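> Sequence first, predicted coordinates after that:
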Amino acid sequence: MKISQQISQEVRWALWLTLFYILGWTGFAYFSPTGRGILGFPIWFELACIYLPILFTLAIAMVVKCCFREIDLEGKDES
């Protein structure tokens, strides 16, 4: 795969993850039911500020491990 294609793929992954995080945070923060969560915080806070970041940390780790590749930006040969 060409370097420019790899960079484009990584940029698309980063943008999609960012959009999903923003939509998830907004959805949980503004459209969650009222009440208390498992930890005693309001349910919207637990979903938007505790569980969603943990979920996305795992999702980002998986995407970085599976989809991102090391790219030599120096242009030097390894031989």
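Noted; the coordinates are in hand.

> use CA for all of it now, contacts and neighbours both
OK.

> Quick one: residues contacting the closest residue to Arg36 other than its chain neighbours.
Nearest residue to Arg36, sequence neighbours excluded (C-alpha to C-alpha, 6 or more residues apart in numbering): Pro42, at 4.5 Å. Counting by C-alpha atoms under 8 Å, 6 or more residues apart in numbering, Pro42 touches Thr34, Gly35, Arg36.

> and if you look at Leu39?
Glu46.

> What distance do you get for it to Val63?
Leu39 sits 29 Å away from Val63, going by C-alpha to C-alpha, to the nearest Å.

> same thing with Tyr51?
18 Å.

> now Ile71
Counting by C-alpha to C-alpha, the gap from Ile71 to Val63 is 16 Å.

> all helices of this protein, in order?
Ranges of helices within the chain are 3-31, 43-45, 52-67, based on DSSP state H.

> and these, which is most packed in?
helix 43-45 (a mean of 20; mean count of other C-alpha atoms under 10 Å).
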